[in-house]
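*Asks:* Just a sequence and a predicted model for now, questions to come.
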Amino acid sequence: MSASWLLGLGVTTLRLGVPYIMAALGGTVSERAGVINIALEGLLLLSALAAALGAPHGAAAAALAGLGAGLAAAAVFGLLTVLLRANQVVCGVAMFLLADGLSRFLLKVVYGSTSNSPRLGQLEGHWAPLFVTGALLAGLLLHGLLGATTFGLRLRAVGEHPAAARSLGVPVHRVRLLAVLLSGLLTSVGGIWLVFDQRQFVALMSGGRGFIALAAMIFGGWRPLGAVGAALLFALAEALAVRLQAQGLPLPNYAVQMLPCGLTLVALGLRGAMGTRGSRPPAALGQPLD
Amino acid sequence: MRTTLVLRALPPLWAALCALAAASALTLLHGESPRELYRLLWAGTWGSAYGIGQVLFKATPLLFCGLGVAMALRAGLFNIGAEGQITVGAFAAALSGAALPAATPAWLALPTVLLCAFGAGAALGAVAGLFRWLAGAHEVIVTMMLNFVVRAAMVGLGGHVFLRESVHTAPVVAGAELPRLSRYLPALHGSAANASLLLGLLVCAGCALLLSRTRAGFVLRTLGSNEEAARAAGVHVGRTWTWALALAGGVAGLGGTNFVLGYKHYYEDGFSGGVGYMGIAVAVLGHNRPLGVLLAALLFGTLSQGGLAVHALVPRELIDVLTAVVLLTLAASQPAVQRLLQAQPGARREKEQDEKDKEGP
């Protein structure tokens, strides 16, 4: 196990970690404001789809389309859950189903395929450093935003005790909506990266990363830096499997695919066994305010 | 009372309207006529005996999965693992059915195979329950992870048990097959509707009885409506979560019989086509009540069969989009209706009574 092998493993971890990090951060910002965000998987998928559709017009158009889709989907989710006070879990799952159905529908309509888009040559280029730095930076920025700004304090307040926050003049709905929109923006970067990295769109290409990111968020104790750390841990496991497989270890594809999900279950189990020292969900998580 | 009924009927109507609008918009986007879409949809489903048979065939697994989601929701648990549960149920049914000696009589073969399907789904459901109980892990994440694990595991296991050059297992023995309904109703000739539907109706009735007439059902509903109250009343919450999810998983697992025992007689890769996820919409639309789930399953069965009927016009993936639209509109309209219901005269008295009930002796 040479130094270059370890370096390679580190690079792969960072590369695979981007969607986990961005979605886990998206989940963190939304849940700290009290909105359960099961929609992460759907947000990843929709922004990936939009990025692929925008790709023929260049990389910038692809990225913008992805961000726009993430923002639009988050706006719908926020409208339903915050303003209309719809059940957050039902809406989150529905957003995932919508994303999966819509992406398969558009795959057929636009590309005439049931499974994947053609290769998107317009996305050639070395994007990995940009996205990886961006993801790590986003973690730091969110840490600062939540911990050291007025908006961050308000955001946490509406997640802990919205009624008290309202009595102090905090516009609860507006703060929660902004948190959900920010969540959509962050998560969509992960979706865009999936397309930039693989240079095509594949049906259900998010592969459960949005749900795994939820586990990473929980594992990270609903804190941005914790979420980044946990997301990298999941990415490390995936990177290890991918690299060992590439080196000819008889590791079938399905085992590699199963690994992140299996690991998530183990992590959730471990967290339960260790107890939840110091980390607890926001007190008003999942509770809409009249 | 009458206004209450009207109010309760509003969300489904509203959902149907939104689904129609979405379907029309997507069809136009595809450059086809919505009018033609609806004509084909009707002709391919309730427009002929064959179509009706196919609707029933499509509705059967939705009934099982819808019940699986609904029973868990009545206990306050969100089981989005029906997709994985029906998959392992079907797999277990196919493997056990194929492993039996060829001459096994139906009275022995069928119960064995059904038990295997139920057991496999129940085991998967129980895992999620145990995670919730012992590790405090939210069942949505766990059941979803299990879906992905099952999907990957089936690819892996398939490599060992699928017949050479195919993506399906060996067929089950004759005794484990469920007859097609066309044997008794010749009009349904050619459609794949089979006795699994009757099993589904039995399970549906069983669920209704369990919920309304048994102690276990009462415990389950109590836990679902107020966890703290249930705990205070001495309900072992963790254990109830576990058996509720096991039951839900088992019911969803039985849904695998529709394809494996009633249609192809073997397990085939990708047989489910997302019925487990559609089951969520079925349960929500059906208000988590067995009869409601049955009606919702028929509706989504119609959509599902209709998707195939209109496939020449628009991709059938359209139906998956509509499922999500229905779910979103239902979820969005529920709180408003709740508020209106509570504003009804008489609702107040009911509510006070509810609160009195919760306080207990």
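*Replies:* Structure received.

*Asks:* pLDDT at the closest residue to chain A within the stretch 1-150 of chain B, what is it?
*Replies:* Proximity of the stretch 1-150 of chain B to chain A (Cβ to the nearest Cβ) peaks at B:Ala135, 2.3 Å away. Just so you know, the C-beta spots here come from the backbone N, C-alpha and C atoms, and that holds for glycine as well. Listed pLDDT for B:Ala135 reads 87.

*Asks:* Can you name the residues that contact the residue nearest to it when sequence neighbours are not counted?
*Replies:* Taking Cβ to Cβ, 6 or more residues apart in numbering or on different chains, and ignoring the residues beside it in sequence, B:Ala135 has A:Gly272 as its nearest neighbour in space, at 2.3 Å. When contacts are counted by Cβ atoms under 8 Å, 6 or more residues apart in numbering or on different chains, A:Gly272 touches B:131, B:134-137.

*Asks:* can you put those in JSON lines and add secondary structure, distance to B:Met154 and neighbour count?
*Replies:* Below are those laid out as JSON lines (DSSP: H, G, I helix; E, B strand; the rest coil; distance: Cβ to Cβ, whole Å; neighbours: other Cβ atoms under 10 Å in any protein chain shown):
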{"residue": "B:Phe131", "secondary structure": "helix", "distance to B:Met154": "21", "neighbour count": "25"}
{"residue": "B:Leu134", "secondary structure": "helix", "distance to B:Met154": "27", "neighbour count": "13"}
{"residue": "B:Ala135", "secondary structure": "helix", "distance to B:Met154": "25", "neighbour count": "19"}
{"residue": "B:Gly136", "secondary structure": "coil", "distance to B:Met154": "29", "neighbour count": "15"}
{"residue": "B:Ala137", "secondary structure": "coil", "distance to B:Met154": "23", "neighbour count": "23"}
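
*Asks:* now those in JSON lines, with distance to B:Leu308?
*Replies:* Below are those laid out as JSON lines (distance: Cβ to Cβ, whole Å):
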{"residue": "B:Phe131", "distance to B:Leu308": "37"}
{"residue": "B:Leu134", "distance to B:Leu308": "43"}
{"residue": "B:Ala135", "distance to B:Leu308": "42"}
{"residue": "B:Gly136", "distance to B:Leu308": "43"}
{"residue": "B:Ala137", "distance to B:Leu308": "38"}
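
*Asks:* where are the low-confidence patches of the stretch 1-150 of chain A?
*Replies:* For the stretch 1-150 of chain A, the stretches flagged by pLDDT under 70 are A:1.

*Asks:* What residues does it have near chain B?
*Replies:* A:38, A:76, A:80, A:84-87, A:89-91, A:93-95, A:97-98, A:100-102, A:104-105, A:107-109 (Cβ under 8 Å from any Cβ of the partner chain).

*Asks:* Which of those residues fall in strands?
*Replies:* Members of the residues of the stretch 1-150 of chain A next to chain B lying in strands (criterion: DSSP state E): none.

*Asks:* ok so, going back, on the three-state scheme, the residue nearest to B:Ala135 is what?
*Replies:* helix (DSSP: H, G, I helix; E, B strand; the rest coil).

*Asks:* which residues of chain B score low on pLDDT?
*Replies:* B:1-2, B:345-361.

*Asks:* Which of the contacts of A:Gly272 sits closest to A:Leu46?
*Replies:* B:Ala137 (26.4 Å; Cβ to Cβ).

*Asks:* And for that closest one, nearest residue in space, chain neighbours not counted?
*Replies:* B:Ala137 sits nearest to A:Leu268 (Cβ to Cβ, 6+ apart), 3.9 Å away.

*Asks:* same check, this time on B:Ala92
*Replies:* Nearest-residue entry for B:Ala92: B:Ala120, 3.6 Å, with adjacent residues in sequence omitted and distances by Cβ to Cβ, 6+ apart.

*Asks:* got the buried residues for the helix or strand where that neighbour lies?
*Replies:* Taking DSSP states H and E as the criterion, B:Ala120 maps to helix B:106-130. Within helix B:106-130, the residues scored as buried using 16 or more other Cβ atoms under 10 Å in any protein chain shown are B:109-110, B:112-130.

*Asks:* other SSEs contacting that helix?
*Replies:* Packing partners of helix B:106-130 (3 or more Cβ pairs under 8 Å, 6 or more residues apart in numbering or on different chains; DSSP states H and E): helix B:49-74, helix B:82-99, helix B:139-161, helix B:237-254, helix B:257-260.

*Asks:* send the alpha carbons of the fourth one over as CSV?
*Replies:* Taking Å, rounded to 0.1, in the frame of the first residue of the first chain, the C-alpha atoms of helix B:237-254 are listed here in CSV:
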residue,chain,number,x,y,z
VAL,B,237,-43.7,1.1,21.8
GLY,B,238,-40.5,-0.5,20.4
ARG,B,239,-42.1,-4.0,20.2
THR,B,240,-45.2,-2.6,18.6
TRP,B,241,-43.2,-0.8,16.0
THR,B,242,-41.3,-4.0,15.2
TRP,B,243,-44.4,-6.2,14.8
ALA,B,244,-46.3,-3.5,12.9
LEU,B,245,-43.5,-3.1,10.4
ALA,B,246,-43.1,-6.9,10.2
LEU,B,247,-46.8,-7.3,9.5
ALA,B,248,-46.6,-4.4,6.9
GLY,B,249,-43.6,-6.0,5.3
GLY,B,250,-45.3,-9.4,5.2
VAL,B,251,-48.4,-8.1,3.6
ALA,B,252,-46.3,-6.3,0.9
GLY,B,253,-44.3,-9.4,0.5
LEU,B,254,-47.4,-11.4,-0.3
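
*Asks:* now it and helix B:49-74, what's the angle there?
*Replies:* Taking axes from the mean of the first three to the mean of the last three Cα atoms, to 10 degrees, one finds helix B:237-254 and helix B:49-74 inclined to each other by 170 degrees.

*Asks:* So the residue nearest to B:Ala92 versus B:Thr257, what's the distance?
*Replies:* 12 Å (Cβ to Cβ, to the nearest Å).

*Asks:* How about A:Ile36?
*Replies:* Look at A:Ile36 and B:Thr257: by Cβ to Cβ, they are 34 Å apart.

*Asks:* Settle it for me: which of those two has more neighbours?
*Replies:* Between A:Ile36 and B:Thr257, counted using other Cβ atoms under 10 Å in any protein chain shown, the more crowded position is B:Thr257 (31 against 22).

*Asks:* tell me, how many neighbours does the closest residue to the more buried one other than its chain neighbours end up with?
*Replies:* Closest residue to B:Thr257 in three dimensions, ignoring its sequence neighbours and counting by Cβ to Cβ, 6+ apart: B:Ser196, at 4.8 Å. B:Ser196: 30 surrounding residues under other Cβ under 10 Å.

*Asks:* before we move on, what about B:Ala49?
*Replies:* 16.

*Asks:* Distance from the helix holding B:Ala120 to the middle of the chain?
*Replies:* Offset of helix B:106-130 from its chain centre (Cα atoms, centre = their mean, to the nearest Å): 16 Å.

*Asks:* where does residue 204 land in three-state SS?
*Replies:* Going with chain A. coil.

*Asks:* Please apply the same query to B:Pro315.
*Replies:* coil.

*Asks:* picking up where we left off before, what residues are shared contacts of B:Ala120 and B:Thr257?
*Replies:* B:Gly89.

*Asks:* Identify whichever of the helices and strands packed on helix B:106-130 lies nearest to A:Val195.
*Replies:* helix B:139-161 (20.4 Å).

*Asks:* The closest one packs against which elements?
*Replies:* In terms of contacts (3+ Cβ pairs under 8 Å, 6+ apart), helix B:139-161 is packed against helix A:209-219, helix A:253-274, helix B:82-99, helix B:106-130.
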